[in-house]
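J.: need a 3D model of the following:
(one chain, ligands or ions: 2)
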Amino acid sequence: MRDQANRLREMAAQLMGRKAPVKTERPRTIVVTSGKGGVGKTNIASNLGIILAGMRKNVVLVDADANLGNTEMILGLSPKYRLSHVVRNEVDITDALVASHNGLKVLAGDSGKYDFPTLTTATQQQLLDSIYESEPAKDFVLIDTSAGLTDEILFFAVHSDDVIIITTPEPTAVMDAYAMVKLVQHTAKGSMPALRLVVNMAKSPREAEATFRNLESVIQHFLHEKIEFLGFLLYDAAISKSVCAQTPVVVNAPHSSVALSLRAIAHKLMVNGR
Ligand SMILES: Nc1ncnc2c1ncn2[C@@H]1O[C@H](COP(=O)(O)OP(=O)(O)OP(=O)(O)O)[C@@H](O)[C@H]1O
Ligand SMILES: [Mg+2]
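T.: Residues are numbered from 1 along each chain as shown. Ligands and ions are numbered 1, 2, ... in the order given. Sure, this is the predicted structure:
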């Protein structure tokens, strides 16, 4: 769909005798999602964004949560504009992006908005295109979704290169992670993004590993899909302390076990990229 949009724009630009403003190569697009709520998506996406930006990459983090977006609190930001302003075309994407640690650029989500504009596939595609065409998104676009299995989340998932699914070891979270994989597979219709799993709030590496193995075998058996174990984070009070300090844990507690795990996850993501 995006290729087609690019081609049309290029043709239009050629007809008008000027160079097409679109990039032929889009940035690597990574969706961080879960199924179950409260499993750590926003903390993981925000910290991964900062780590990747620290590797001298141009990274845009999109808080795609239109109801309860709280990336800005975790990162300690005060954005003037947010997702709803961009979706309504009230402001250009580059004016809506705010700078965070290591030069990470963030599009804030919305919170408690009763009149958030409906996200149709057309508005979602338009949003992605405008982000792709912006300079700060040269290397990575990270999309932090809300919880649930909505059409909006599935759209982002099937238009991405990687889907990072976050689960905790609790069976309810694992079951919801499986449901997410099932619906992504159904929606993707053969062109699947790379599936990667992070087990969060584990009591031990062994528990995290066992959680992954169980889910991997069910996904393999029933859906015939592969999923990579991207890593795990132990339950660590450093995260909630960092949330209270409105400073991401990789900055607030860079030597904590979770900060080290997040760096290992970012490294694996880079190595196993497209
Ligand atoms: N490894 C961890 N150890 C301890 N607490 C954690 C850990 N990861 C996340 N938390 C805590 O879990 C809560 C939920 O985290 P977060 O907001 O990142 O989840 P979420 O999946 O984005 O939630 P939502 O579905 O509401 O968007 C927060 O209170 C956070 O402090
Ligand atoms: Mg969240």
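
J.: what about Asp151, how many neighbours?
T.: When neighbours are defined as other Cβ atoms under 10 Å, Asp151 has 12 of them. Just so you know, the C-beta spots here come from the backbone N, C-alpha and C atoms, and that holds for glycine as well.

J.: cool, Ile219 as well?
T.: Each residue near Ile219 was counted by other Cβ under 10 Å, and the total is 21.

J.: quick one, what contacts it?
T.: Shown in contact with Ile219 (Cβ atoms under 8 Å, 6 or more residues apart in numbering): Tyr178, Val181, Leu195, Glu225, Lys226, Ile227.

J.: 6 Å instead, please
T.: With contact taken as Cβ atoms under 6 Å, 6 or more residues apart in numbering, Ile219 is in contact with Val181, Glu225, Ile227.

J.: is it correct that Phe232 falls within a strand?
T.: Yes - counting by DSSP: H, G, I helix; E, B strand; the rest coil, Phe232 is found in a strand.

J.: that one - nearest residue in space that isn't next to it in sequence?
T.: Ala208 (3.4 Å; Cβ to Cβ, 6 or more residues apart in numbering).

J.: can you show me the CA trace of the helix or strand where the one you found lies as PDB?
T.: According to DSSP states H and E, Ala208 maps onto helix 205-218. Included here for helix 205-218 are C-alpha records, laid out as PDB according to Å, rounded to 0.1, in the frame of the first residue of the first chain:
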ATOM      1  CA  PRO A 205      15.800 -15.800  34.000                       C
ATOM      2  CA  ARG A 206      14.600 -19.400  34.200                       C
ATOM      3  CA  GLU A 207      10.900 -18.200  34.500                       C
ATOM      4  CA  ALA A 208      11.400 -15.900  31.600                       C
ATOM      5  CA  GLU A 209      12.900 -18.600  29.400                       C
ATOM      6  CA  ALA A 210      10.100 -21.000  30.400                       C
ATOM      7  CA  THR A 211       7.500 -18.400  29.500                       C
ATOM      8  CA  PHE A 212       9.000 -17.900  26.100                       C
ATOM      9  CA  ARG A 213       9.400 -21.700  25.400                       C
ATOM     10  CA  ASN A 214       5.700 -22.300  26.300                       C
ATOM     11  CA  LEU A 215       4.400 -19.500  24.000                       C
ATOM     12  CA  GLU A 216       6.800 -20.400  21.200                       C
ATOM     13  CA  SER A 217       5.600 -24.000  21.100                       C
ATOM     14  CA  VAL A 218       2.000 -23.000  21.000                       C
END
